[in-house]
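J.: Dropping a prediction and its sequence here:
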Amino acid sequence: MKLSEQEKAANKAAFQSMSPAKKAEHIFTYYKWQILLCVTVLLILLSLLHRSLTKKEPVLYLAAIGVSFSEDTEKQLTSGFLTAAGFNERRQEIYLYRDLYLSENPDTLNHEFAFASKMKLDGAINAQELDLVLMNREAYDIFSKQGYLLDLSSLPDALSPLLTENEVTLSDNSLDYLLGNAEIEEYTAEMVPNALAVSTLPLFRDAGFDGELYLGVIANTPRQEEAAAYLRYIGGCL
């Protein structure tokens, strides 16, 4: 119902005669939903602005597979590289995939964990959001056989003592053979230098790592230059 000019003036005079507390109570009583909506919209906008201002751009994506390490070692693997390579730590980061595990043994107690890790890694590789893998021997064998790792034969000579070879599958008809679609089971492979054996480097040796440790580059990475710089950093050549 539309108010007359006299009613509007009377309401205005009544409002002006109220105490500050009464005015606040009156405004909240009649406009609380509008106020709550405005506050909600403001909080959402502030949250989006904060996220935009603080979001870091990944320089590289690194996965740790079958490997765990301390907070100090993690800093050396991430922010240590950013500092050494001249990146801005406030705006850039090494994105780290933690707590992953791979195994081809179906009897392992961690079979479901290994399956979930494989799905996560496959998704990251397909999305080109995985560049480097720090892995134990079992994970290295799996990645190498499947052809996931980049051939590192063109690395600088300073890193050649760390370079190691592993088997890469060229052809495998074992599934067709099992299904009866092939008379002879055939498998061919070749040895390719596709990782650095880093267990003996001070960064990992002094951190108390057990067993063999390898660092490889994912074959489809769109950040080969940054990945090569990371290998040089880990190898002490950056």
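T.: Perfect, I can see it now.

J.: just the strands in this structure please.
T.: Counting by DSSP state E, the chain has these strands, from start to end: 57-65, 92-100, 132-135, 163-172, 187-197, 214-217.

J.: Contact partners for Lys56?
T.: Contacts for Lys56 (C-beta atoms under 8 Å, 6 or more residues apart in numbering) come out as 90-93. All C-beta atoms are positioned from the backbone trio N, CA, C, and that covers glycine.

J.: Give the buried subset of the residues you listed as a PyMOL selection command.
T.: The PyMOL command for the buried members of the contacts of Lys56 (criterion: 16 or more other C-beta atoms under 10 Å) is given here:
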select buried, resi 93
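
J.: Tabulate the strands of the chain in JSON lines, adding columns for distance to Thr73 and mean pLDDT.
T.: Listed next are the strands of the chain as JSON lines, based on distance: least, C-beta to C-beta, whole Å; pLDDT from 0 to 100:
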{"stretch": "strand 57-65", "distance to Thr73": "10", "mean pLDDT": "95"}
{"stretch": "strand 92-100", "distance to Thr73": "11", "mean pLDDT": "93"}
{"stretch": "strand 132-135", "distance to Thr73": "10", "mean pLDDT": "96"}
{"stretch": "strand 163-172", "distance to Thr73": "21", "mean pLDDT": "88"}
{"stretch": "strand 187-197", "distance to Thr73": "17", "mean pLDDT": "90"}
{"stretch": "strand 214-217", "distance to Thr73": "13", "mean pLDDT": "97"}
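
J.: need the contacts of Lys56 in JSON lines with distance to Thr164, can you?
T.: Supplementary listing: these in JSON lines, determined by distance: C-beta to C-beta, whole Å:
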{"residue": "Arg90", "distance to Thr164": "36"}
{"residue": "Arg91", "distance to Thr164": "35"}
{"residue": "Gln92", "distance to Thr164": "30"}
{"residue": "Glu93", "distance to Thr164": "28"}
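
J.: What is the most widely separated pair among the contacts of Lys56?
T.: For the contacts of Lys56, the maximum inter-member distance is 9.5 Å, found between Arg90 and Glu93 (C-beta to C-beta).
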